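Asks: Pasting a predicted model and its sequence here:
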Amino acid sequence: MTLLACGTRTLDLATPAVMGILNITPDSFSDGGRYLSLDAALRQTEQMLADGARLIDVGAESTRPGAEPVGEQEELERLLPVVEAIAARFDTVISVDTSTPSAMRESARLGAGLINDVRALRRPGALEAAVASGLPVCLMHMRGEPGTMQLAPDYDDVVAGVMVFLRERAAACVAAGMDEGRILFDPGFGFAKTLTHNLQLLKHLDQIQQLGRPLLVGLSRKSMLGAVLNGAPVDQRLHAGVAAAVLAVDRGARIVRSHDVRATVDALMLWQAQQQA
Ligand code: 7PM
């Protein structure tokens, strides 16, 4: 019941899992640069797994708020060699942070275990590619596109709005032939939300969890933490990020996406221990 089939691997969500974030930085044009970037990605993966990550989320930075869209060819060239290399060397679930149908298809073929799409499969062809991959998918809530979404975020009730959206996207997946058991939900902290919206979502996360699908959250280093900490820069958000992860898991989240794997794993070990007492 808590088992999620992720391609050739199985993720047991009986205990909450930490998903380590692996950002693929742009390569230099030389072959040497490409090799170095792959090598750095593998070393970071090895460290995150040693720190207790149970999934690795590989992204080519096409999904960041305010980011310029990365071209399809460039995304594939950055993403696929890393997916292939991690799959060959490590026993872990590889999540691909992508909205691009070809990236979903090709990374599934190379050993990815989960599709993490901040656009919730709304790009043309993405729904079909995700269904055909056979992999679980994380559907994240976002209004608009990463480039424009911070303009005037406005909700009557952000929790209700997120729930309606996630239900609709799940229904679209099921209508396209996906088993409901493959769907994960994510409220999309920081995507088209004010600080108050983000805090309301964190406070009422149990309601979203009650939709019945495993919940993934990404809070690590986000600007909502900086805002609560009176403007703390990104390198001073670790402690608040860990606290946010614990609150989220206590309200039902099962996967925590984080840059700070060791600190988050330790905190969730404490959560797990008290849960079992
Ligand atoms: C700048 C702003 C850089 C925001 C990076 C980000 C999520 C995600 C991201 C999330 C899922 C980050 C974000 N956030 N995927 N991808 N959930 N499922 O903090 O919250 O990494 S990008």
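Replies: Structure's in. What do you need? Residues are numbered from 1 along each chain as shown.
Asks: Where does the chain get nearest to the ligand, which residue?
Replies: Across the chain, the shortest distance to the ligand (Cβ to the nearest ligand atom) belongs to Gly218, at 2.4 Å. Just so you know, the C-beta spots here come from the backbone N, C-alpha and C atoms, and that holds for glycine as well.
Asks: which SS class is the closest residue to that residue other than its chain neighbours?
Replies: Nearest residue to Gly218, sequence neighbours excluded (Cβ to Cβ, 6 or more residues apart in numbering): Arg257, at 3.9 Å. Classification of Arg257 by DSSP: H, G, I helix; E, B strand; the rest coil places it in strand.
Asks: Quick check: pLDDT value at Arg257.
Replies: The model reports Arg257 with a pLDDT of 98.
Asks: Show me what it is bridged to.
Replies: Met19, Gly218 (DSSP bridges).
Asks: So what does Leu184 have for phi and psi?
Replies: When read as degrees, to the nearest 10, the backbone of Leu184 gives phi -120, psi 150.
Asks: Quick check, it in contact with Ile255.
Replies: Yes - between Leu184 and Ile255 there is a contact at 7.1 Å, judged by Cβ atoms under 8 Å.
Asks: still on that earlier bit, neighbours of the residue nearest to Gly218, just the number please.
Replies: 26 (other Cβ atoms under 10 Å).
Asks: Offset the numbering so it begins at 781, please.
Replies: Right, with 781 as the first residue, what we last looked at is Arg1037.
Asks: OK, contacts around it?
Replies: Listed by Cβ atoms under 8 Å, 6 or more residues apart in numbering, the contact partners of Arg1037 are Met799, Ile801, Asp837, Asn896, Leu996, Val997, Gly998, Ser1000.
Asks: now the stretch 781-930 of the chain, which segments are flagged as low pLDDT?
Replies: Scanning the stretch 781-930 of the chain for pLDDT under 70 picks out 781, 806-813, 841-848, 926-930.
Asks: quick one, what contacts the closest residue to Val954 other than its chain neighbours?
Replies: Using Cβ to Cβ, 6+ apart and skipping residues adjacent in sequence, the residue nearest Val954 is Glu960, 5.5 Å away. Contact analysis of Glu960 by Cβ under 8 Å, 6+ apart lists Ala950, Cys953, Val954, Arg993.
Asks: quick one, phi psi at Glu960?
Replies: Dihedral angles (degrees, to the nearest 10) for Glu960: phi -60, psi -30.
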